[in-house]
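Student: Here's a sequence, model it:
(one chain, ligands or ions: 1)
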Amino acid sequence: MTYSLTKTLLGAATAVSVLCTAAVAADWRGWNIHTEGYPNTIAMDRFAELLAEKTGGEVTLQMFHGGTLGSQPDAIEQVRLGGLEIGNFNLGPIGPIAPEANVVSLPFIFKDVPHMFRVLESDGGAAIAEGMAAKGLVPLAWYDAGARSFYNGDKPINAPADVAGMKVRVMNNDLYSGMIAELGGNPSPMAFAEVYQALKTGVVDGAENNWPSYESTGHFEVAGYYSLSQHLIIPECICVNADAYNALSDEMKTAVKEAAMESADMQRELWAEREASSRKMVEDGGVIVNVIADKGPFQSAMTPVYETYLASNPDLRPLVELIQATE
Ligand code: BDP
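Tutor: Model (predicted):
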């Protein structure tokens, strides 16, 4: 009797442990907008390898690059809802969903990229991450996306007056539309994949992005003036669907997080190299790089953008101030 009870209990325990293993085994699918050879693409592939290694194969990831699974705003929704588990997202199009994350899209909020990372590693970063997690997106690690500057086809931009009347493509976020409007331009929110044609055919006069994306998309071929406004420094994340992440054991969560951090270390190194090589490549291709002597007028024109953001999110004023006070 005792023997058979023990046997039954053991059998039950085995069944439970098999069930638990089955419950945590996960085959994830991941979205990335960039093409072969881009730092984020290489680092996301590495993330997939590290995930399998560190979780002993319990969590696997199949990456879909080049935006093949849809536009970024759609992919963000997919990851939030669980149609996809992972994405390498820019925080720009996450901002409209998570107001805390939108703080990084206030023009000129970061002094430079190291300042951005110092903020992300502080309480400010924790507040941003919590805001995102509350909307179903858990950031596992932060990627570098450099600074974004304006580019267009016919003239250098030195002052807000040069933007006046220009139609400028922006990512989907009212803060960016407000930014262009305050400079006197006409904002045109548009999916990344459509920008090359829009620049080429004159549907828009200009756009804005970092060196690697300006180069990898070929935008430099159809918009040959790059003016160093560096008005936005927006971090990117490896973001996971909150339910998928929370279903993991603590041990698996740690493994997943470690894989993401190692991937981010790799991405940041590759990013630094690619910024330099992209810049060199477009300059060799004839791009005119314009240094803006005084960025002050661009910065002061942004006051209404900050005011609008703070009027809709009065509780986030301390976060803005915390970032501004971070050395
Ligand atoms: C790139 C970002 C990418 C954005 C793109 C854009 O890495 O996530 O989709 O800019 O401007 O720098 O849409």
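Student: Next to the ligand in this structure, residues from the chain, please.
Tutor: 33, 72, 90, 145, 171, 192, 209, 210, 213, 236 (CB under 6 Å from any ligand atom). Quick note: C-beta positions are derived from backbone N, CA and C, even for glycine.
Student: pretty sure the first one is touching residue 191, no?
Tutor: No. At 9.5 Å, residue 33 and residue 191 do not qualify as touching, with contact defined as CB atoms under 8 Å.
Student: Make CSV from the residues of the chain next to the ligand and add distance to residue 180, neighbour count and pLDDT to it.
Tutor: As requested, the residues of the chain next to the ligand are exported to CSV (distance: CB to CB, whole Å; neighbours: other CB atoms under 10 Å; pLDDT from 0 to 100):
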residue, distance to residue 180, neighbour count, pLDDT
33, 22, 24, 98
72, 19, 23, 98
90, 17, 25, 98
145, 19, 24, 98
171, 11, 25, 98
192, 17, 20, 98
209, 14, 26, 99
210, 17, 23, 99
213, 18, 23, 98
236, 22, 22, 98
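Student: List the ones among those residues that fall in helices.
Tutor: Helix and strand membership here follows DSSP state H; of these, those in helices are 72, 213.
Student: Now for the residues of the chain next to the ligand: which two are most distant?
Tutor: Taking CB to CB as the measure, these reach their widest spread between 72 and 210, a distance of 15.1 Å.
Student: List the buried residues in stretch 174-189.
Tutor: Of the residues in stretch 174-189, those buried under the neighbour-count criterion (16 or more other CB atoms under 10 Å) are 174-183, 185, 187-188.
Student: Turn those residues into JSON lines, columns for distance to residue 257.
Tutor: Written out in JSON lines, the entries for the buried residues of stretch 174-189 read as follows (distance: CB to CB, whole Å):
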{"residue": "174", "distance to residue 257": "32"}
{"residue": "175", "distance to residue 257": "29"}
{"residue": "176", "distance to residue 257": "31"}
{"residue": "177", "distance to residue 257": "35"}
{"residue": "178", "distance to residue 257": "35"}
{"residue": "179", "distance to residue 257": "34"}
{"residue": "180", "distance to residue 257": "37"}
{"residue": "181", "distance to residue 257": "40"}
{"residue": "182", "distance to residue 257": "39"}
{"residue": "183", "distance to residue 257": "40"}
{"residue": "185", "distance to residue 257": "41"}
{"residue": "187", "distance to residue 257": "37"}
{"residue": "188", "distance to residue 257": "38"}
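Student: First-to-last residue distance for stretch 118-129?
Tutor: End-to-end distance of stretch 118-129 (CA to CA, to the nearest Å): 14 Å.
Student: Let me see the domain layout of the chain.
Tutor: Domain assignment for the chain, taken from automatic domain parsing, gives 25-144+235-277, 148-233+280-325.
Student: Need the winner for burial among those domains.
Tutor: Looking across the domains of the chain with neighbours counted as mean count of other CB atoms under 10 Å, the highest average goes to domain 25-144+235-277: a mean of 20.
Student: quick one: contacts for residue 267?
Tutor: The neighbours of residue 267, taking CB atoms under 8 Å, 6 or more residues apart in numbering as the test, are 39, 40, 42, 43, 143, 144.
Student: Also residue 190?
Tutor: When the contact criterion is CB under 8 Å, 6+ apart, the partners of residue 190 are 169, 170, 198, 204.
Student: In helices, which of these appear?
Tutor: Counting by DSSP H, the part of those found in helices is residue 198.
Student: Which two of the contacts of residue 190 have the greatest separation?
Tutor: So, the contacts of residue 190 by CB to CB: farthest apart are 170 and 198, at 11.8 Å.
Student: what touches both of the two?
Tutor: Shared contacts of residue 170 and residue 198, counting by CB under 8 Å, 6+ apart, come down to 188, 190.
Student: Keep only those of the contacts of residue 267 that are in helices.
Tutor: Restricting these to those inside helices, with DSSP H as the criterion, leaves 39, 40, 42, 43.
Student: Unless I misread the structure, residue 323 falls within a helix.
Tutor: Yes. According to DSSP: H, G, I helix; E, B strand; the rest coil, residue 323 belongs to a helix.
Student: The chain should start at 17 in everything you say after this.
Tutor: Will do, 17 is the new start, and the previous item becomes residue 339.
Student: Having no further points to raise, I will conclude here.
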